[in-house]
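>>> Here is a sequence with its predicted model. Questions after.
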There are 2 protein chains.
Amino acid sequence: MNLHRSIAARSGGFLLFAVTPPRLTTSPSEATEIGRVTLERLRPLAIDGLVLYDIDDESDRNPDERPFPFLPTMDPADYLDRDLAQLKVPAIVYRAVGKYREDRFRAWLEEQDPSEALTVFVGSSSREKVVLTSLARAYELRDQIQPELLLGGVAIAERHARLGDEHLRLIAKQTMGCSFFVTQIVYDVNAAKNLVSDYHHECAVQNLAPVPIVFSFSVCGSLKTLKFLQWLGVTVPRWIENELRHADDTLDASYEQAVATAVDLIAFCRRLGAPFGLNVESVSIRKAEIEASVRLATRLGAELRR
Amino acid sequence: MNLHRSIAARSGGFLLFAVTPPRLTTSPSEATEIGRVTLERLRPLAIDGLVLYDIDDESDRNPDERPFPFLPTMDPADYLDRDLAQLKVPAIVYRAVGKYREDRFRAWLEEQDPSEALTVFVGSSSREKVVLTSLARAYELRDQIQPELLLGGVAIAERHARLGDEHLRLIAKQTMGCSFFVTQIVYDVNAAKNLVSDYHHECAVQNLAPVPIVFSFSVCGSLKTLKFLQWLGVTVPRWIENELRHADDTLDASYEQAVATAVDLIAFCRRLGAPFGLNVESVSIRKAEIEASVRLATRLGAELRR
């Protein structure tokens, strides 16, 4: 599986793993060690790409108290260059574009080698936020400077449930250069199916070839992580919340939950003929949760090859 | 399987089939013929009970135009007595209690043999409606006159999605004498799981034994039937609506859909340890849809025996 070819051909079928860069306060030697451990963990996994999130302070998106404090993280592009040089698969570097002044954003774009790099641009988390580069401007710049750089967008099934137009947003982003989409963490399989179904049928109406939608999954080892997922905007159906609350082992129950959801979505997309990929991330930094994420990726990789 | 014992023991596992009585304008000989054909259709099916709906004009519940005109139907108790005498399984006669004057309702209650009959009381479809007997009064009367008569209530997962308290309504109805519940037609498996999960955990908190929840299923042979389901208040997820709209054979697609939903719910309830039953109905009077309903009941019966 070659990630670039699979996206360009709109065939999907790939597996990604996502990590968050170390905290900004991490020393260079510690960051190097974190990078080394991360690559070692990922080595046995047949992933097709590594996602590097670009964390922004999103406390403005939600008036509720953030279950975990916001701690600024290293720039994912810097972390990749310095500490993940041994990575054997393409990296997909997220860019929270509003954080960057245009000159800095341009400079980063110019450095990219489109035969290796991929990126996902993320807009701001609320209208109130000060934005140094808008998402629309970021799309323009990439179109001018790096039109060959594979670009992804975020797809939010929860917004589709609320507003019903996320499939149209995806198509608009597609015309602005996106050739794949990555969802938030999926706990509500119904909402994910609604989005991919509406997107698929709207593409048919507009005579567009649908691009791969990458569904993200994560385990959840504690009720605090569950609260954090909900704070991030992930819809967790009541019955899953009840199951996690009453489970003897929350982490195990959430692993089984994620597998069942992914298997359901894989079957759904295959039946529909919709290209898709899978992405596994760990939202927690607890070792048990990270290890369960790696197990989840192994398992989902096997499901993809079925 | 004995329906009375299974409900009394709160074990569930039974299969029901539901029919609507013939229109009020049907001649006695036509009604007899409809009853004969119905029983003949049901004979090969190993159902444990026959549900007879009591149709009320619900045009006040929804300002939108009713996709099919409202046509008053025969009283289900009269239809049972006159035309379904050869029925070999218990009948569950619905009572839209608001339609009946108290004396008439009392008289019907007094006639019932609790070793044979079962009933489900349904309240009015809107607050504006003129109500001859309230649901609360109907519960009182049954408690006074026929405390042994097995009584069911309706369970509406869609209301739970909106208000979040349907599980508490079920428990309140349980204290008023309900020993089973029947849902609306389930297309949104997530909403059904949320309800049964919340009900199950609330019963545990209140130290109550949960009673069987009977999930209703129906095929849908046309987009008009789909519209009617939605008019009745059934939530049909977008992806299922899309699937039915784009299917080569809507009836077939809805049959597969209903089987998948039921299989998912059966596994969920078994895992949870929640007693349940299944109910298959035909919302249409088209022959192809009725026959597909019979096939669906056959299939779901096999799933129950697995």
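On my side now, so go ahead. Owing to the predicted nature of the structure, the values given are computational and were not obtained by experimental measurement.
>>> Please tell me how far A:Met238 sits from A:Leu150.
Not quite, residue A:238 is Arg, not Met. Distance, A:Arg238 to A:Leu150, using C-beta to C-beta, to the nearest Å: 38 Å. From N, CA and C alone the C-beta is placed, and that goes for glycine too.
>>> Chain B contacts on the stretch 151-300 of chain A?
Residues of the stretch 151-300 of chain A lying close to chain B by C-beta under 8 Å from any C-beta of the partner chain are A:188-190, A:193-194, A:196-198, A:200-201, A:237-239, A:242-243, A:246, A:268.
>>> Which members of the residues you listed occur in strands, if any?
Using DSSP state E, no member of those sits in strands.
>>> I'd assumed A:Glu148 was in contact with A:Gln112.
No - if you go by C-beta atoms under 8 Å, A:Gln112 and A:Glu148 don't touch, sitting 9.4 Å apart.
>>> Between these two, which is the more surrounded one?
Comparing A:Gln112 with A:Glu148 by other C-beta atoms under 10 Å in any protein chain shown, the one with more neighbours is A:Gln112, at 18 against 11.
>>> Pull up the per-residue confidence for the more buried one.
In this model, A:Gln112 is scored at 96, pLDDT.
>>> still on that earlier bit, can you turn the buried part of the residues of the stretch 151-300 of chain A next to chain B into a PyMOL selection?
In PyMOL syntax, the buried subset of those is picked out as below (16 or more other C-beta atoms under 10 Å in any protein chain shown):
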select buried, chain A and resi 188+189+190+193+194+196+197+198+200+201+237+238+239+242+243+268
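>>> can you pull the contacts of the closest residue to A:Leu251 other than its chain neighbours?
Nearest residue to A:Leu251, sequence neighbours excluded (C-beta to C-beta, 6 or more residues apart in numbering or on different chains): A:Gly221, at 3.9 Å. Neighbouring residues of A:Gly221 by C-beta atoms under 8 Å, 6 or more residues apart in numbering or on different chains: A:Thr250, A:Leu251, A:Ser254, A:Ser284, A:Arg286, A:Ala288, A:Glu289, A:Ala292.
>>> Quick check: the nearest residue to the fifth one once chain neighbours are set aside vs chain B, distance?
Closest residue in space to A:Arg286, ignoring its immediate chain neighbours: A:Gly221 at 6.1 Å, by C-beta to C-beta, 6+ apart. Note on A:Gly221: its distance to chain B, by C-beta to the nearest C-beta, to the nearest Å, is 21 Å.
>>> likewise A:Pro22?
From A:Pro22 over to chain B the distance is 37 Å, taken as C-beta to the nearest C-beta.
>>> What residues does that residue make contact with?
The neighbourhood of A:Pro22, defined by C-beta under 8 Å, 6+ apart, consists of A:Glu30, A:Ala31, A:Ile34, A:Thr73, A:Met74, A:Tyr79.
>>> cool, A:Trp231 as well?
By C-beta under 8 Å, 6+ apart, the residues touching A:Trp231 are A:Asn62, A:Asp64, A:Arg66, A:Pro67.
>>> ok but the third one is inside a helix, no?
No - counting by DSSP: H, G, I helix; E, B strand; the rest coil, A:Arg66 is not found in a helix; it is coil.
>>> Against chain B, how distant is it?
Remark: distance between A:Arg66 and chain B (C-beta to the nearest C-beta) = 25 Å.
>>> cool, and the second one?
When C-beta to the nearest C-beta is the yardstick, A:Asp64 and chain B sit 18 Å from each other.
>>> how much space between the closest residue to that residue other than its chain neighbours and chain B?
Sequence neighbours aside, A:Trp231 is the residue nearest to A:Asp64 in space, at 6.2 Å (criterion: C-beta to C-beta, 6+ apart). With distances taken as C-beta to the nearest C-beta, A:Trp231 is found 19 Å from chain B.
>>> Could you do A:Gly301 as well?
Taken as C-beta to the nearest C-beta, the span from A:Gly301 to chain B is 25 Å.
>>> Kindly report the same for A:Pro90.
Between A:Pro90 and chain B the distance is 31 Å, computed by C-beta to the nearest C-beta.
>>> Isn't that residue up against A:His4?
Yes - in terms of C-beta under 8 Å, A:Pro90 counts as a neighbour of A:His4; the distance is 6.7 Å.
>>> More neighbours: those two, which one.
Neighbour totals were compared for A:Pro90 and A:His4, and A:Pro90 leads with 21 against 18 (other C-beta under 10 Å).
>>> Contacts only, for the more buried one.
Neighbouring residues of A:Pro90 by C-beta under 8 Å, 6+ apart: A:Leu3, A:His4, A:Asp48, A:Gly49, A:Leu50, A:Glu116, A:Ala117, A:Leu118.
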